[in-house]
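[1] return atomic coordinates for the entry below.
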Amino acid sequence: MWTGDWWNMVQDFLPEGATVAPVIIATDKTQLTQYSGNKAAYPVYMTLGNLPRSLRRKPSKHACILIAYLSISKSIGKKLTKKQKSSRIQQIFHDSMRVVLEPLMEAGKKGVEVAFSDG
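    Numbers count the residues shown, from 1 in each chain. Below is the predicted model:
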């Protein structure tokens, strides 16, 4: 993403001194057995797309941060069909992600002023 034509095209529309900072969100089911019995959750991580992939994928570089845990409920509608349960779980996931990512919405529309990493 950070070397593509898309990047240059979007960057050309921004005011002087501004830069594109694409946000990458990742989640994956994980077991929480060490702390809470046999429970599971979906940790939600965030990183920036303008970081090279080689840095984003190395935990030691701290390029990825945990922004939320989404809980997993196994007792969703006992009388629902398999298709209805799947649909309900998907809707809950999307509604939860909307809440988690809401603070990024305004930043994406209006931008955010940030200091350089060197102060």
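
[2] strands of this structure, start to end?
    23-27, 30-31, 40-48, 65-71 (DSSP state E).

[3] turn the ones you listed into a markdown table, including mean neighbour count.
    Just so you know, the C-beta spots here come from the backbone N, C-alpha and C atoms, and that holds for glycine as well. Listed next are those as a markdown table, based on neighbours: other CB atoms under 10 Å:
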| stretch | mean neighbour count |
| --- | --- |
| strand 23-27 | 14 |
| strand 30-31 | 11 |
| strand 40-48 | 16 |
| strand 65-71 | 13 |
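
[4] contact partners for the closest residue to Tyr42 other than its chain neighbours?
    Leaving out its chain neighbours, the residue that sits closest to Tyr42 by CB to CB, 6 or more residues apart in numbering is Leu70, at 4.1 Å. Residues near Leu70 by CB atoms under 8 Å, 6 or more residues apart in numbering: Thr27, Ala41, Tyr42, Pro43, Val44, Phe93, Ser96, Met97, Val100.

[5] which of the residues you listed scores worst on pLDDT?
    Minimum pLDDT across these is recorded for Ala41, with 78.

[6] surely it and Ala68 touch.
    No: counting by CB atoms under 8 Å, Ala41 stays clear of Ala68, with 9.5 Å between them.

[7] including distance to Trp6, could the strands of the chain go into TSV?
    What follows is these, written out as TSV (distance: least, CB to CB, whole Å):
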stretch	distance to Trp6
strand 23-27	14
strand 30-31	32
strand 40-48	15
strand 65-71	24
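
[8] report the beta-bridge partner residues of the spatially most central residue of the chain.
    By CA atoms, centre = their mean, the chain has its centre lying nearest to Ile25, at 2.4 Å. Bridge pairing for Ile25 (DSSP bridges) gives the partners Met46.

[9] what sits against it?
    Ile25 neighbours (CB under 8 Å, 6+ apart): Val44, Tyr45, Met46, Met97, Leu101.

[10] and of the residues you listed, the nearest to Gly77?
    Using CB to CB, Met97 is the member of the contacts of Ile25 that lies nearest Gly77, at 20.4 Å.

[11] residue contacts, that closest one?
    Ile25, Val44, Leu70.

[12] can you redo these as JSON lines with distance to Pro15?
    Formatted as JSON lines, these follow (distance: CB to CB, whole Å):
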{"residue": "Ile25", "distance to Pro15": "26"}
{"residue": "Val44", "distance to Pro15": "31"}
{"residue": "Leu70", "distance to Pro15": "36"}
